[in-house]
Each structure stands twice: as structure tokens, then as C-alpha cells.
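Q: Model the following, please.
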Amino acid sequence: MTLVASDVLEQLKALSNEIRYDLVRFLGAGERCVCDLEGLTGLPQSKVSYHLGVLRDAGLVVSEQRGKNIYYSLCEARLFQLGGLILTEVFHDPVRHAHEDASLCE
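A: Next comes the predicted model:
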């Protein structure tokens, strides 16, 4: 599975919100239902569900309904892939390598 730049940017946008970042951190400990995440964040169900929806749309979490509860878990492979793509883009930029040996200021 290869992500294109727009996918990377959408995922970074999803993670850039403090609430969503906290939700990802909480889910890093394992699967949780929305009611558990409400308690951890101190936010109402509607707000938690909205932010989980943004993370789901970005492909960073998946959900599963069990009875009346919806359980969320991380898409760990996507998060690891995202981290790798960011590092690849930062450290393997062709512009950076084109100017490694010669400074533009000389």
C-alpha cells in the first residue's frame, strides 16, 4: 500500500488537532469504545465521535459496532507507514541532494 502526498497531508491534518492526537495516543494502548474515550477525554460523546470520524476518514483508525457500542482501534500499519513516508520525504529530497556538495552562497 503506497500513500500519495495528498494522503500524507490529509493524515497529518487529522493528527494536527490536539483532541485527535490525544485519541490516537489513548488508542495506542489498545481498542476502546467511545464511552471509554469520553471518560478519558472528558468530552461529550458527540465531540468524541466527530473526531474519531475524522481519524477514520483519514484511514488512521477503524471502527466496529458490537451491540450498542462502537469500538475503535488504530490502523498501526498506516501510522508506521506515515512516519516512514515523512522521514523519506525529509531526508531523501532531490533538492537537498542536488546541493549537498555546493552551497548556493558561494
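Q: Which residue ranges of this structure form strands?
A: 32-33, 61-66, 69-74 (DSSP state E).
Q: So in that sheet, which strands flank the first one, and in what orientation?
A: The sheet places strand 32-33 alongside strand 69-74 (antiparallel), with pairing taken from DSSP bridges.
Q: Let me know the angle separating the partner strand from strand 61-66.
A: Taking axes from the mean of the first three to the mean of the last three CA atoms, to 10 degrees, one finds strand 69-74 and strand 61-66 inclined to each other by 150 degrees.
Q: and the gap between the residue nearest to residue 15 when sequence neighbours are not counted and residue 28?
A: In this structure, residue 15 finds its nearest non-sequential neighbour in residue 21, 5.6 Å apart by CB to CB, 6 or more residues apart in numbering. C-beta: built from backbone N, CA, C; applies to glycine. In this view, residue 21 and residue 28 are 11 Å apart by CB to CB, to the nearest Å.
Q: For the two, work out which one has more neighbours and name it.
A: Between residue 21 and residue 28, residue 21 has the larger neighbour count (other CB atoms under 10 Å), namely 14 against 11.
Q: these two touch, right, the more buried one and residue 13?
A: No. Residue 21 is beyond contact range of residue 13, at 11.5 Å (criterion: CB atoms under 8 Å).
Q: thinking again about what came up before, which one of the strands of the chain is the most hemmed in?
A: Stretch with highest mean neighbour count among those: strand 32-33 (a mean of 18; mean count of other CB atoms under 10 Å).
Q: Which residues outside that strand are in contact with it?
A: Contact partners of strand 32-33, identified using CB atoms under 8 Å, 6 or more residues apart in numbering, comprise 26, 40, 69-73.
Q: Show me which of those residues is closest to residue 90.
A: Residue 90 lies nearest to residue 26 out of those, by CB to CB, at 27.4 Å.
Q: what number of residues lie near the closest one?
A: Neighbours of residue 26 (other CB under 10 Å): 16.
Q: next one: the one 4 residues further on
A: Residue 30 is flanked by 8 other residues according to other CB under 10 Å.
Q: What of residue 48?
A: 22.
Q: now do residue 27
A: The number of residues near residue 27, taken as other CB under 10 Å, comes to 23.
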